[in-house]
Structure formats: structure tokens, C-alpha cells
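[1] Coordinates only, no sequence provided:
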């Protein structure tokens, strides 16, 4: 059950929207009212076993409630240190934060190297996350190059124009 | 005395101002048209005029035929300007990282450096040459008229030309011909005027070459696409700016202004009530306004910064069993036309909405009789700047005066801030709203985005998020629910008069620019 749920976590395709991905009829994150009713139930009757926390992490992640998802993942890790599913969730959560994407890419590579025994579907999901993170890191590098060019270009042009001006003022003393 | 001296001076003045104003319009698809870009352009043009005037004066004394030199200078200005228009897209492609690469959060430094370099490289040289013209023509005209009279006449004609440049480009050139063609025609006229001063008509024919770039599709249409496979369905150019409608691979349509990138003025998907993003959270306004209102009477609202009406879907979904009517206010009529054609509202909603285009939101709100149930405010000029007159204590008090008791103001704010800052845009807007609405305010973070939805209520406390959660109808996107979680909301801010934004003291533009340049 949990493994099936873990497969359904939405793929991250950009930083601006949630792709709803496959949604089951039991999905509490299918609309705002059912999600909030589910959340209220979780608050009223907290369950601290690993399965419940994994389910919480999945639903909160679907809903874009990253802070709550992170708390649930922390709980998963405290209940099962080194838990591969918690590590996968953390990679996904970190993917939403531009400043944590470098760390998330490292974690994803580490996860793939240290969990060859995980089901193919889960490994594929992490590979997709890693591909997204690598694309994002490549994009960030290109943007950094762009920022560098934008910083030095005005100075180069000023030097060029200064030379032209000097020539003009020499021609007409 | 050489013929055509006065018209040449007038044309030089006309062209200098045209280059200054249209320069920003031409830069806008790549680098935006923010206050920072405008300030750069004006500063660079003024510096070029000062230096050109200085060198023109020296050249006038050092040349035996000042009118001929002025002719050469005009021809040079025309061709240099045209080369700039031709090279700008290639230069922008070199500075910018490519389609889908740059998002708004990272764009500040790139845009500022890119726009400054473009102004220096492509607009300063022709303006510099144009500023040389008047002193040369004074020297030409002085022997017959006397230096004082010659300078006065030429200054007057040049200023009249500049005046025509300001009004002509804004009210005739851009609407009728577009910025690019207007600029190229002006530059071609410079070459012709130079040819007349030189007495060489063949050069005037060469001026027609300048118009060649106008034969190709405006490269600004496809600048800064948010996705490599985005398709431009339509584009419009108005004195307020450039607009385009994009079709994205995921089936969405975006209405964008100026520099595009990953931000949109309106968002639409065929048959969808909920456009997604922060628009969905406008549903909170009718929801909060309905608490304690008896639940029966007709609902009236105004939407300031209406765009193509993306906020109407979420509002109508909440008001589905109530009679309602709305007024949308949009500054630019072209936006409304593009919206009607490419991002149309469902017929039912269209019949309930009256759209007023071409007027300022604050001025038009004053004409509203009042007693409104809620007001939606989503007014951004030049993508990241909230017009400061729509974010002051005085304006919020005017909105307060137009709401019924218990009425709601919902304001979209795009900022990377998380509310823990001591200063900044979020703190200033929350504080100002709280003062205008006696503390009845709350901020809801839009999940997985940089936006906040600020709510303020007249005369009553806002309903608790738990109340709002329990009154959401089925089918509302989950993101709206997420925004009601305690981790996504900020309550009433602390009382700090020093952060209030006022009509006569408003550091909002500066604060927004600082955030934008910080690249957060």
C-alpha cells in the first residue's frame, strides 16, 4: 500500500506549479476541502507509526505543504534511521528550494548508488528527480554566466566609447 | 547660407527624444521596462547629449563648413541607430541565457546590466551625434543672424522637434506603426536630412536601406519565452508596453507583458474554472466576505488590474449559488481585447462582468458608488512593480470607504520574502493595510510560488482559517486549502507607523527594485 502511494508522488517539472499526476479516488489531496478535513483529522488524532508518517509526507507533498511534509519526513527518519523512502521524499522536498537543489542532486546520486535493491519504479522516480535537478543546476550555471556577462559588458562598452570620445576630442582640439 | 538648417535642427531634436523613448520600448522584450531601465536610458541619453554638445561646439570652431559636417553627422546618426536596432536581438541573445532558462527571481542583475549596455552601445552613439548638430548649425547660421539669435532660433526649433518626438511617438508612432518602424523611419529621415545638408541626393536613397529590418517579423515577439516550445499566438504594442499571448505545451495560455519570462498577467486553460497559481487564492475574498452576511443577497465586487479576468473563475466558483456582478478595471484596452480573443471567460461570467478599459484603477474606483462586497487588487506595472499609488495608506483607505461592513480587499503580492524580515515589501504592505483596516488583515502564502495573498476586512475580524476551511465547496484546488494551513499564514502585523506607505512618502519602488536585484 505504502509503496504504491510512494510511487504516486507528483513529478517535479518546474518550480511554479504542481503537476497533479495520477490521483486516486481516496486521495485526500484531490481538493482543498478533503485535504483540510484530512489535515484536521491528523492533528486531532496523531499517529506516530512509520506508515502513517509516510502517508502524511506523501499527502502534504501532493498539496504543496512543504513544511508539514518535511516534518513528516523527519518523523519517518527518526522511526527508521537511513530509511530510503524518507530520503526520497527529502530529495523531492529539497527540489522545490533553489538553494537546496545542489544538496538534493548529491542525495539523489547517493540514493541511487546505495539502494540498487529498491523497486525499479522507485529508482526511475529518483532518476527523474535527478534529471530535473541536473537540468536546474545546468540552468543555474547558465544564468550565472549571463549575470557575469551583464556585469562586465557595461564597463567594456564604456571603455570602447571612452576611446571613441578621446579620438573625437583630439580631432577637434 | 545652407538650406534646410532649421528643419535639420528640428529633426535632430525629434530624433533624440524618439531614440530615448522608443529605445525603452525596443529594449523591453529582452530587458523589461522597469523604472530602473527607464532611469538608465534617460541617464545615458542625457550624458550623450551633454558630451555631444560639447564636442559639437569644438568641432564647429574647427571646421570650415559646419553645415556639411552636420550633414555627415546626421547621416552617421541615422545609420548608427539602424545598426543598433539590427544588432540588439543578437546582443540580447548573447547576454541572456536562452528560452526557459531565466526566471524572474534571477533576472534583476541580468536585465539591469543588459539594458545599460544596450543603451550605451546602441542609443548613446546616435544621440551623441545628434547633440553635435545644433552647435554646428549655430556656427553655420551665426554669420548671417548673429550668434545669439542663431542659437535661440535653433534651440527653439530643436526643442519643438523634441516636443513632437515625445507626443508623436507615444500617441501616433507606437499605436499606428509600432516602436520599431517608427524608430527606423525617424532614422531614415535623419539620413535624408543629412543628404540635403550635404547636397547629395544619392545618400538619401541609401537611407531607405535603414527600413530593411522592418520587413522581418519583430524579433521582440519571441524574446524571453518561458519555454522553448511556447508559441506566440498574438502580440500587441501600445504606449503602455508590449503584450503577447502564448500557448504553452501543457495547454495553458498566458498573457504576458514586457519582458515575459516566467510571469504572466493572465493565465487560462480551456474549460478550466481555476487558472492555477495565485489566481486560485482570490477565491478567499468572496469566501471571507460571505461570513455573517446572511448568504442571500446579490454580491458586487471590483477587480482592479483585471487583465483577461483570470480571477473571475475562482470567484464565480465560490459564488456559484449567489447572484453576483463584477466590474473589472484594466489600464490598457489592448490587454482586454487580447483577453477576449484568446483567453475568453465563460459566457455566463462574461454576462456578469463589466470591464472598464483605459483608465487608472484608483481614479476609477472613486467613481464606484460603494457598498462593495470585495475588491480584488492585482495591479502590476512592468511585471515586478506594484504602482506605488495603488499601495498607499491613502489608497487603502479609499478602498475601505468603498466596501460594505465586513467587505474584503484581496491583494496579490509577488515577493520572495517569507514574513520574517524586519523591513521590505511584505512588511510595508501588511503594516499599511493593517493601519487602513484597523488591524483586520492576514497574509496567505501561495503554495510553491513567490506570491502572497493579502486579505483585509472592513470593520470585522477576518474569519478564522478553520472557518474558511470548513466552508470551502468541493472541487476547490488543493493549493487553496494549503494556503489556509497555519504554516502558510501570517496574522496581524505589529503596529509600526514607520513602515507605512504613503502618497507623499513611498519607498515601495526602491524596496521592490532592491529585492529584484538581490536575485532571491
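    Here it is on my side, so go on. From a predicted model like this one, the values you see are computed outputs, not experimental measurements.
[2] Tell me how many other residues crowd residue A:43.
    Burial of residue A:43 is recorded as 9 neighbouring residues (other CB atoms under 10 Å in any protein chain shown). Every C-beta, even on glycine, is put in place using the N, C-alpha and C of the backbone.
[3] same for the helix or strand encompassing it, what does it pack against?
    Per DSSP states H and E, residue A:43 falls inside helix A:32-44. Identification of packing neighbours for helix A:32-44 by 3 or more CB pairs under 8 Å, 6 or more residues apart in numbering or on different chains; DSSP states H and E yields helix A:50-63, helix B:465-470, helix B:478-482.
[4] which one of these has the most crowded surroundings?
    Comparing these by mean neighbour count (mean count of other CB atoms under 10 Å in any protein chain shown), helix B:478-482 comes out on top with a mean of 28.
[5] Mind giving me the packing neighbours of it?
    Under the contact definition 3+ CB pairs under 8 Å, 6+ apart, helix B:478-482 sits against helix A:32-44, helix A:50-63.
[6] In chain A, where is pLDDT below threshold?
    Along chain A, the parts satisfying pLDDT under 70 run over A:1-26.
[7] Ramachandran coordinates for residue 100?
    Chain wasn't specified; assuming chain A. Backbone geometry at residue A:100, expressed as degrees, to the nearest 10, gives phi -110, psi 0.
[8] should've been chain B
    As for residue B:100, its main-chain torsions (degrees, to the nearest 10) stand at phi 80, psi 0.
[9] quick revisit: how about the helices and strands packed on helix B:478-482 in TSV, adding distance to residue B:480?
    Formatted as TSV, those follow (distance: least, CB to CB, whole Å):
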stretch	distance to residue B:480
helix A:32-44	5
helix A:50-63	10
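[10] closest to residue B:397 out of the ones you listed?
    Closest approach to residue B:397 among those (CB to CB): helix A:32-44, 32.4 Å.
[11] Apart from its chain neighbours, what residue comes closest to residue B:434?
    Nearest non-adjacent residue to residue B:434, counting by CB to CB, 6 or more residues apart in numbering or on different chains: residue B:441, 4.7 Å away.
[12] what are the phi and psi angles of that neighbour?
    Dihedral angles (degrees, to the nearest 10) for residue B:441: phi -130, psi 160.
[13] Please apply the same query to residue B:241.
    Note on residue B:241: backbone dihedrals following degrees, to the nearest 10 are phi 150, psi -170.
[14] confidence score at it?
    The model reports residue B:241 with a pLDDT of 85.
[15] what sits opposite it in the beta ladder?
    Note on residue B:241: beta-bridge partners by DSSP bridges are residue B:238.
[16] I'd assumed residue B:28 was in contact with it.
    Yes: between residue B:241 and residue B:28 a contact is recorded at 6.3 Å, counting by CB atoms under 8 Å.
[17] Between the two, which contacts overlap?
    Residues touching both residue B:241 and residue B:28 (CB atoms under 8 Å, 6 or more residues apart in numbering or on different chains): residue B:258.
[18] If I follow the layout properly, residue B:87 ends up in contact with residue B:123?
    No: if you go by CB under 8 Å, residue B:87 and residue B:123 don't touch, sitting 11.9 Å apart.
[19] higher neighbour count, those two?
    Counted by other CB under 10 Å, residue B:87 and residue B:123 do not tie: residue B:123 has more neighbours, with 28 against 13.
[20] Without its sequence neighbours, what residue ends up closest to that one?
    Once flanking residues are discounted, residue B:123 sits nearest to residue B:23: 4.5 Å by CB to CB, 6+ apart.
[21] Relative to the whole chain's centre, how far out is the helix holding residue A:43?
    Helix A:32-44 sits 24 Å away from the centroid of its parent chain (CA atoms, centre = their mean, to the nearest Å).
[22] Could you show which parts of the stretch 51-200 of chain B are in contact with chain A?
    B:51, B:55, B:58-59, B:61-63, B:94-98, B:101-103, B:105-106, B:109-114, B:116-117, B:120-121, B:124-125 (CB under 8 Å from any CB of the partner chain).
[23] how would you label the closest residue to residue B:103 other than its chain neighbours: helix, strand or coil?
    Closest residue in space to residue B:103, ignoring its immediate chain neighbours: residue B:262 at 4.5 Å, by CB to CB, 6+ apart. Put simply, residue B:262 is coil when judged by DSSP: H, G, I helix; E, B strand; the rest coil.
[24] tell me the pLDDT at residue B:262?
    What the model reports for residue B:262 is a pLDDT of 80.
[25] What residues sit buried inside the helix or strand that contains residue B:326?
    Here residue B:326 sits within strand B:324-330, counting by DSSP H and E. Using 16 or more other CB atoms under 10 Å in any protein chain shown as the test for burial, strand B:324-330 gives B:324, B:326-330.
[26] pLDDT on it, on average?
    Averaged across strand B:324-330, pLDDT comes to 95.
[27] Stretch B:285-302 too?
    The model assigns stretch B:285-302 a mean pLDDT of 90.
[28] mind checking how far whichever residue of the stretch 101-250 of chain B sits closest to chain A is from residue A:99?
    Nearest to chain A in the stretch 101-250 of chain B, going by CB to the nearest CB, is residue B:113, at a distance of 2.8 Å. Between residue B:113 and residue A:99 the computed distance is 23 Å (CB to CB, to the nearest Å).
[29] And for residue B:300?
    For residue B:300 relative to residue A:99 (CB to CB), the value is 44 Å.
[30] out of these two, which sits in the more crowded spot?
    The neighbour comparison of residue B:300 against residue A:99 (other CB under 10 Å) goes to residue B:300, with 19 against 8.
[31] I appreciate the help and will end here.
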